[in-house]
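Visitor: Need coordinates for the below:
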Amino acid sequence: MVDVAKAAGVTRQTVYAHFSNRSEMLISAILHFGDQLDIEARLAPSRTAPDGRSRLEAYTRAMLEFFPEIYPLKQSLMRMGASDEEAKSAWQDRIRAMKEGCAEAVKALKSDGDLLEHLSEAEATDLYFTLLSMDGWAHCVLENGWSDADYLAEMQRVITLALVKQ
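Guide: The predicted model follows:
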């Protein structure tokens, strides 16, 4: 927190007065970063979709379009080390929000009667969240040369096959 105070040009006490701990400060920084990406506007098509299939497609698109922008943040937080509980907590806060978005898309599919019958909402949410793995995106796009557009198209196809009645 001392480094943050120096970078902001304020005293360490000012930072401590505003944030109760480092984890709270990291979460706030991540949320601020998200504000810069205009997350609310970019998620609007998912949140206002007329049906579950459209919501699933829009949420998938929004998440995969975020990945190139937020992956460096994930890497930075993970570099802080497995023993840095506050960094892990800050990242997990954002992962929980992503999973909540997955759950809402699945809920919309279910309410439309379009969710595959053998999956519960919880199972479908877990599967969808897993398919939207940032590490999977990094493996295909960053490490193996897939274009973002090709990866998005293939994930839309795979996610639809995995969750939606045909």
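Visitor: mind giving me the domain split of this protein?
Guide: 1-36, 44-163 (automatic domain parsing).
Visitor: Single out the most deeply packed of those domains.
Guide: Among those, ranked by average contacts under mean count of other C-beta atoms under 10 Å, first place goes to domain 44-163 (a mean of 16). From N, CA and C alone the C-beta is placed, and that goes for glycine too.
Visitor: where's that one relative to the chain centroid, distance-wise?
Guide: Averaging C-alpha positions (C-alpha atoms, centre = their mean, to the nearest Å) puts domain 44-163 6 Å from its chain's average.
Visitor: Tell me where the model's unsure across this protein.
Guide: Confidence mapping of the chain against pLDDT under 70 gives the ranges 1-10, 12, 15, 22-23, 31, 34, 81-82.
Visitor: Which stretches in it count as helices?
Guide: 2-8, 12-18, 22-36, 39-47, 52-79, 85-112, 121-131, 134-137, 148-163 (DSSP state H).
Visitor: May I have stretch 89-96 as PDB, with CA atoms only?
Guide: The C-alpha atoms that make up stretch 89-96 are tabulated as PDB, following Å, rounded to 0.1, in the frame of the first residue of the first chain:
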ATOM      1  CA  SER A  89      -9.200 -12.600  -3.100                       C
ATOM      2  CA  ALA A  90      -9.300  -9.600  -5.500                       C
ATOM      3  CA  TRP A  91      -9.200 -11.800  -8.600                       C
ATOM      4  CA  GLN A  92     -11.800 -14.300  -7.100                       C
ATOM      5  CA  ASP A  93     -14.200 -11.400  -6.600                       C
ATOM      6  CA  ARG A  94     -14.200 -10.700 -10.400                       C
ATOM      7  CA  ILE A  95     -14.400 -14.400 -11.100                       C
ATOM      8  CA  ARG A  96     -17.500 -14.700  -8.900                       C
END
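Visitor: Can you give the contact residues for that stretch?
Guide: Here stretch 89-96 makes contact (C-beta atoms under 8 Å, 6 or more residues apart in numbering) with 23, 26-27, 29-30, 34, 70, 74, 77-78.
Visitor: residues contacting S20?
Guide: If you count contacts by C-beta under 8 Å, 6+ apart, S20 has none.
Visitor: Then M80?
Guide: Applying C-beta under 8 Å, 6+ apart, the residues near M80 are A87.
Visitor: Now with 10 Å, please.
Guide: 26, 86-88, 90-91 (C-beta atoms under 10 Å, 6 or more residues apart in numbering).
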